[in-house]
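J.: I'd like to go over a predicted model; first the sequence, then the structure.
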Amino acid sequence: MPRLPSIEKKTLKLGFMPLLDCAPLIVAREKGFFKQYGLNVILQKESSWASILDKVSYGLYDGAHMLAPMPLAATLGLNGKTTPMVTALTLSQNGTAITLSQELYFGLSERVDDWSDLNQIGESFKALLHELNYKPIIATVYPYSNHHYLLRYWLQQLKIDTLEDIQLVAVPPSKMLDNLSNGVIDGYCVGEPWNSLALIQQSGGLLTTGHQIWGSHMEKVLGVTQAWAKAYPHTHKALIKAVYSACQWSEDPENHDELLNLLSLPPYLDKAAEALKGFTSPYSMEQHYAGGDLNHPDRQQGIFLLEQMEACQQIEDPSKLDYEQVSEQVFRKDLFQRWCG
């Protein structure tokens, strides 16, 4: 792959969270895809999504592994600082789940006969909640996340009151399992590997997956500020092409073992990924990195996420916004098609 001589900025700093779906960034660096496209990329591991968003917003990072709703929230200023952002690449699809403490999971197991029946699981969970003499604490990773919206969406379908029946809190992904094991929280909605690790360590049980609730949905994206994309268009193109190549590599089943080895390196997921070796989850998360239109930023899903923000009362005056226009501004499918076909 020839280098691109017109690249405006060759040394980049990108943020990521220690989750399986940071894989394309790790692969792009470790397998040389960044180098092939003339980029020298420094990857910085973060402990919270808020930190990632702040550092991209203030220009400390050139871009980052982001939750799909984050560029929308930043563009609308929902987190307190208005920073127009764009994504020209979806990094992953699915890969989330809801995990409960052992106590709650065992209580639920006595009621559920068919774990593939989402309605039965939901109704059983609702009945269990109403019999408890306390309000379970359920964590999601960030207020502007699929996890937060997906969990609330499902609970509301069941007519479970997110104020009266449970308590929602935000906890960084890497802190979820410790908090569950120590009894600080009673469950969580998070991305992999933190659900599988709860099963491996016998700290909790899986309630259901994000795929079961929402079907195939955009999970992580590669986000940059609109100003950065405008200032460095050729760099942006090289970055997208390099990471897209890494997405395709990551999706190939023949690369699964090597991918896990790369993620297990100390700068990345370290022991959290190491523990997955030889483990096969009894529940399919349907996590994917490439295939079909997966990597195209999906504007319809962007509109859906804006509707979830509205449902959560995060948008002050929805009547003033054109959701289609906002989604088109942020989710740059046109750039992906132009650069990656």
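T.: Here it is on my side, so go on.
J.: how about the lengthiest helix in the chain: buried residues?
T.: For the chain, the helix with the greatest residue count under DSSP state H is helix 233-251. Counting neighbours by 16 or more other CB atoms under 10 Å, one finds that the buried residues in helix 233-251 are 235-251. (Glycine included, C-beta is placed from N, CA and C.)
J.: send me that helix as PDB with only the CA atoms.
T.: Provided in PDB are the C-alpha atoms of helix 233-251 (Å, rounded to 0.1, in the frame of the first residue of the first chain):
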ATOM      1  CA  PRO A 233      -8.700  16.000   5.100                       C
ATOM      2  CA  HIS A 234      -5.900  13.800   3.700                       C
ATOM      3  CA  THR A 235      -4.900  12.700   7.100                       C
ATOM      4  CA  HIS A 236      -8.500  11.900   7.900                       C
ATOM      5  CA  LYS A 237      -8.700   9.800   4.700                       C
ATOM      6  CA  ALA A 238      -5.600   7.900   5.500                       C
ATOM      7  CA  LEU A 239      -6.800   7.300   9.100                       C
ATOM      8  CA  ILE A 240     -10.200   5.900   7.900                       C
ATOM      9  CA  LYS A 241      -8.600   3.700   5.200                       C
ATOM     10  CA  ALA A 242      -6.100   2.300   7.700                       C
ATOM     11  CA  VAL A 243      -8.700   1.500  10.400                       C
ATOM     12  CA  TYR A 244     -11.100   0.100   7.900                       C
ATOM     13  CA  SER A 245      -8.400  -2.400   6.800                       C
ATOM     14  CA  ALA A 246      -8.000  -3.300  10.400                       C
ATOM     15  CA  CYS A 247     -11.800  -3.800  10.800                       C
ATOM     16  CA  GLN A 248     -11.700  -6.300   7.900                       C
ATOM     17  CA  TRP A 249      -8.700  -8.100   9.400                       C
ATOM     18  CA  SER A 250     -10.400  -8.300  12.900                       C
ATOM     19  CA  GLU A 251     -13.600  -9.800  11.400                       C
END
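J.: quick one: work out the angle between the next helix or strand after it and helix 233-251.
T.: The first helix or strand that comes after helix 233-251 along the chain, using DSSP states H and E, is helix 256-263. Angle, helix 256-263 to helix 233-251, by axes from the mean of the first three to the mean of the last three CA atoms, to 10 degrees: 130 degrees.
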